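> return a 3D structure for these sequence lines:
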Amino acid sequence: MAFSGAQAPYMNPMVPFTGMIQGGLQDGLQITINGTVLMSSGSRFTVNLQTGHRDNDIAFHFNPRFEEGGYVVCNTKQNGIWGPEERKMQMPFQRGHPFELSFLVQSSQFQVTVNGRLFVQYTHRVPFHRVDTISVTGIVQLSYISFQNTHAAPIQPTFSTVQFSQPACFPPRHKGRKPKPPGRWPANSAPITQTVIHTVQSTPGQMFPNPMIPPMAYPNPVLPIPFFASIPGGLYPSKSIMVSGTILPSAQSFYINLRSGSDIAFHLNPRFKENAVVRNTQIGSSWGPEERGLPRKMPFSRGQSFLVWILCESHCFKVAVDGQHLFEYYHRLKHLPTINSLEVGGDIQLTHVQP
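As a prediction, this is how the structure comes out:
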């Protein structure tokens, strides 16, 4: 089972794609789309924030066009009738290149960033709370679509209601490494071309992380290994951390560490020769007893991609791999705010981190 509460991300959705926005748009909601523009005979792609699955009412139509030097059309459709176009005579996307596109809902406008840079602001023409659906069409291949509440505040333990009870939006897992046609990436095979770092937190009744600050995008193909990042404010119940990458074909092991100074509060260490996922804590340079038991077979495979989701609760860490709950690890270092840095290393290519 996976985390529940906040809207789970849509992982590797096929294009054309239409999906529900749970609870509709609200001030502070940020929708992030990560994907790659295809080297295709087509010349456009579109993201619509709309009412229902039909396209009669579109609050925000975002339409990059690789024509006449490249430009982006923004518009609104009401009762099937388009309003006046707003054109941005710049093209922030490149064919064959990955991108991160974010829509931040503000009280008076949509704020659009591309690869971490502000691109356009689009004033609301209709009430944004009518929007409950997102659609994506055209010459793109998608890695994920995520939903994050930038106005959320950290939660005290007594108010933490995040649970493992509903599956995240993952398509069926496929084996093998054969090339996939556009829009048909398996859930365990994400492109290793875009690096994104977020600061995340959750709110009551939510299961997917929400950023405290806008994401920073790094154009490097992969992150350096070993990788280090701070966790601003440290951990607290409902804090989520996500790590994804691709395991090298000859991998022996890799690790994810949540650190408190020189101590390691949580050490997650898949080992392929031992066919084990080792968990432990190191305090004062001394390791505690290892935990190795799993409710199912080893979820990591050499040559395959992975997504690790760590949810901090008041008494334990809950860990899911590729959308499936794997185990719980009870806190040995219990002063959570001091656990304020993340370390990732080993035999992997690291592609996305949300510390």
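> how long is stretch 11-26 end to end?
End-to-end span of stretch 11-26 (C-alpha to C-alpha, to the nearest Å): 22 Å.
> got the contact list for the residue nearest in space to the middle of the chain?
With distances taken as C-alpha atoms, centre = their mean, Ser146 lies nearest the centre of the chain, 5.4 Å away. Listed by C-beta atoms under 8 Å, 6 or more residues apart in numbering, the contact partners of Ser146 are 9-10, 31-32, 34, 208. Glycine gets a C-beta too; all of them are placed from N, C-alpha and C.
> got a winner among those residues for most neighbours?
Counting neighbours by other C-beta atoms under 10 Å, Phe208 leads the contacts of Ser146 with 26 neighbours.
> need the pLDDT of that one.
If you check Phe208, the pLDDT there is 36.
> again with Pro215
pLDDT for Pro215: 36.
> what of the one 5 residues further on?
Looking at Asn220, its pLDDT reads 39.
> Gln109 against Leu118, yeah?
No: assessed by C-beta atoms under 8 Å, Gln109 is found out of contact with Leu118, at 11.6 Å.
> ok, these two, which is more surrounded?
More crowded of Gln109 and Leu118, by other C-beta under 10 Å: Gln109, with 15 against 12.
> partners of the more buried one in the sheet?
For Gln109, the beta-bridge partners are Thr123 (DSSP bridges).
> figure out the helix or strand that the residue nearest to the centre of the chain lives in.
strand 140-149 (DSSP states H and E).
> do me a favour and average the pLDDT over that strand.
Mean predicted confidence for strand 140-149 is 86.
> same thing with stretch 105-118?
For stretch 105-118, mean pLDDT is 93.
> how about residues contacting it?
25-30, 49, 60, 62, 92-93, 99-104, 119-124, 128, 214-217, 219.
> and the strands in the stretch 151-300 of the chain?
163-164, 195-201, 210-218, 227-230, 240-247, 254-260, 263-271, 276-283, 286-287 (DSSP state E, counting those that start in this stretch).
> partners of the last one in the sheet?
Partners of strand 286-287 in the sheet, by DSSP bridges, are strand 276-283 (antiparallel).
> now the partner strand against strand 263-271, angle please.
Angle of strand 276-283 versus strand 263-271, following axes from the mean of the first three to the mean of the last three C-alpha atoms, to 10 degrees, is 170 degrees.
> who does the strand holding Ser146 pair up with?
Applying DSSP bridges to the sheet, strand 140-149 is found paired with strand 10-11 (antiparallel), strand 29-37 (antiparallel).
> give me the distance from the longest one to the chain's centre.
Offset of strand 29-37 from its chain centre (C-alpha atoms, centre = their mean, to the nearest Å): 9 Å.
> name the helices or strands packed onto the next helix or strand after that strand?
Using DSSP H and E, the helix or strand that follows strand 29-37 towards the C-terminus is strand 45-50. Secondary-structure packing of strand 45-50 (3 or more C-beta pairs under 8 Å, 6 or more residues apart in numbering; DSSP states H and E): strand 29-37, strand 58-65, strand 98-105, strand 133-138.
> among those, which comes closest to Asp322?
For the helices and strands packed on strand 45-50, the distance to Asp322 is smallest for strand 29-37, at 16.7 Å, taking C-beta to C-beta.
> the residue nearest to Phe227 when sequence neighbours are not counted - how many residues pack around it?
Leaving aside its sequence neighbours, Phe227 sits nearest to Val344 (C-beta to C-beta, 6 or more residues apart in numbering; 4.5 Å). Residue neighbour count, defined by other C-beta under 10 Å, stands at 23 for Val344.
> again with Pro295
Using other C-beta under 10 Å, Pro295 is surrounded by 8 other residues.
> His352 looks like it's in a helix, true?
No: judged by DSSP: H, G, I helix; E, B strand; the rest coil, His352 forms no part of a helix; its state is strand.
> that one: neighbour count?
22.
> just checking, it touches Met242?
Yes: under the criterion of C-beta under 8 Å, His352 makes contact with Met242 at 7.0 Å.
> among the contacts of stretch 105-118, the buried ones, what's the ChimeraX command?
Buried subset of these, written as a ChimeraX selection, criterion 16 or more other C-beta atoms under 10 Å:
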select :25,29,30,49,60,62,92,93,99,100,101,102,103,104,119,120,122,124,128,214,215,217
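> how about low-confidence regions in the protein?
Counting by pLDDT under 70, the chain has low-confidence residues at 1-6, 152-222.
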